[in-house]
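Asker: sharing a model that was predicted from the sequence below.
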Amino acid sequence: MNDLPIDKDEILNELDLIQQKDLKYSDGRILGSMCTEAHPFGKEIYIKFLDSNLGDPGLFKGTKSIEDKTIQIIGKLLNLDNAYGNIVTGGTEANIMAIRAARNHARKYKNIKYGEIILPKSAHFSFKKAADMMCLKIVEADLDENYKIDVESIKDKITENTVAIVAIAGTTELGLIDPIEEISKIAHENNIYFHVDAAFGGFSIPFLKESGYEYPEFDFKLPGVCSITVDPHKMGLAPIPAGGIIFRKKEYLEVMAIDSPYLTVKTQSTIVGTRLGASTAATYGLLKYFGRKGYSKLATRLMDNTFFLKESLEKIGYEVIVEPELNIIAFNHPTKSPQKLSEELEKINGWKVSVANCPNAIRIVLMNHVTKTHLKEFLADLEKLY
């Protein structure tokens, strides 16, 4: 730290130079991210609530009421009339909260001391963090030939120590939806906590259904579903950090509650203490601003881009790994490794793709900042590298 104050303009100039090293979503070169540029109206609201702290909600009763309303709106979107939960930092924190709720619930009502969680190989790495933090054993369910959970595998892996089963609605690498309806029945019949990670798909599947797309049930319509992760800062266009965790029952929050005696509210269930209210207010504002029709239009446009990219890749000769269910495409070159192709794409025109692990492939996420013009430029470069 400097001894004397430095002029604001000098500091801003320094920060501008540093920020120039960051990629901009608007350039259309970020092709592997599930996040995107926040909507301008969301940014405007965010700034208005920058000083609000949901970690001490008695001081910010207005902002807390916004969080309550937001949870109810998202809950109804996921077919739950009376929802409980929080807007948190992202999918990772939401998933950790879900697994913590499952573990604590199993401890209290089943006397399970050494728990296990069943999840697919396709699950997000946040569940590894959750298992590590809570001393839980991960039991990996098999995937079928379509890279979705093998339902029979789950049946075989349930034991008296199983505290939770996890399925995905929009897998991180391929955007696929697990057979959640079948898994819900298994969880319900065995009285096991069932969490659905819909961090990506939760803000598109309901809206795409309204546009005529057919999807299997994945939400609280299914009696076995106990909690769902859904991230407004992905397909919802909310400013980061805005993740969401929705619980079917209040008791799942209660089993996590820790005394917070010096705050205005005497218990706290979230992982973090201080919580920015700005993301919640922005999420609420955008839910009202877009409405179901606005989000349906956005999701449909991104699916149109997805199928345009798929068909164009196949015309060139690239192998598309699976038929896309959401706005993610995974593909491979006939001879080059995904790692090699990724390096060449970055060199040729600064394209930042990601490489999936399961299976090994180039992974493209068709987010709001990726236009059809960007895709045509990308395809032209892919044709040169074929």
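Answerer: Nice, I can see it.
Asker: could you check how far stretch 164-176 is from the centre of its chain?
Answerer: Distance, stretch centre to chain centre, for stretch 164-176: 10 Å (Cα atoms, centre = their mean, to the nearest Å).
Asker: using CSV, list the CA coordinates for it.
Answerer: C-alpha atoms of stretch 164-176 as CSV (Å, rounded to 0.1, in the frame of the first residue of the first chain):
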residue,chain,number,x,y,z
ALA,A,164,-28.5,-38.1,-1.1
ILE,A,165,-28.8,-38.8,-4.8
VAL,A,166,-27.9,-36.1,-7.3
ALA,A,167,-29.0,-35.8,-10.9
ILE,A,168,-28.4,-33.0,-13.5
ALA,A,169,-30.8,-31.0,-15.6
GLY,A,170,-28.3,-29.5,-18.1
THR,A,171,-24.9,-31.2,-17.6
THR,A,172,-21.9,-28.9,-17.5
GLU,A,173,-20.1,-30.6,-20.4
LEU,A,174,-22.9,-31.7,-22.7
GLY,A,175,-26.1,-29.9,-21.5
LEU,A,176,-28.0,-33.2,-21.1
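Asker: just the mean pLDDT for it, thanks.
Answerer: In this model, stretch 164-176 has a mean pLDDT of 97.
Asker: do stretch 20-30 as well
Answerer: Here the average pLDDT along stretch 20-30 is 96.
Asker: buried set for that stretch?
Answerer: 25, 28-30 (16 or more other Cβ atoms under 10 Å). Just so you know, the C-beta spots here come from the backbone N, C-alpha and C atoms, and that holds for glycine as well.
Asker: endpoints of it, how far apart?
Answerer: End-to-end span of stretch 20-30 (Cα to Cα, to the nearest Å): 15 Å.
Asker: ok, which stretches of the stretch 101-250 of the chain are strands?
Answerer: Counting by DSSP state E, counting those that start in this stretch, the stretch 101-250 of the chain has strands at residues 116-120, 137-141, 162-168, 193-197, 227-230, 243-247.
Asker: what are the pairing partners of the shortest one, and which direction each?
Answerer: By that I understand strand 227-230. Within its sheet, and counting by DSSP bridges, strand 227-230 is paired with strand 193-197 (parallel), strand 243-247 (antiparallel).
Asker: let's have the buried residues of stretch 20-30 in JSON lines, adding distance to residue 222.
Answerer: Below are those laid out as JSON lines (distance: Cβ to Cβ, whole Å):
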{"residue": "25", "distance to residue 222": "35"}
{"residue": "28", "distance to residue 222": "38"}
{"residue": "29", "distance to residue 222": "39"}
{"residue": "30", "distance to residue 222": "34"}
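Asker: Serialize the strands paired with strand 227-230 to JSON lines and add fields for mean pLDDT and mean neighbour count.
Answerer: Shown next, in JSON lines, are these (pLDDT from 0 to 100; neighbours: other Cβ atoms under 10 Å):
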{"stretch": "strand 193-197", "mean pLDDT": "98", "mean neighbour count": "28"}
{"stretch": "strand 243-247", "mean pLDDT": "98", "mean neighbour count": "29"}
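Asker: rewinding a little: which of the strands of the stretch 101-250 of the chain sits closest to residue 312?
Answerer: Smallest distance to residue 312 across the strands of the stretch 101-250 of the chain (Cβ to Cβ): 27.1 Å, for strand 162-168.
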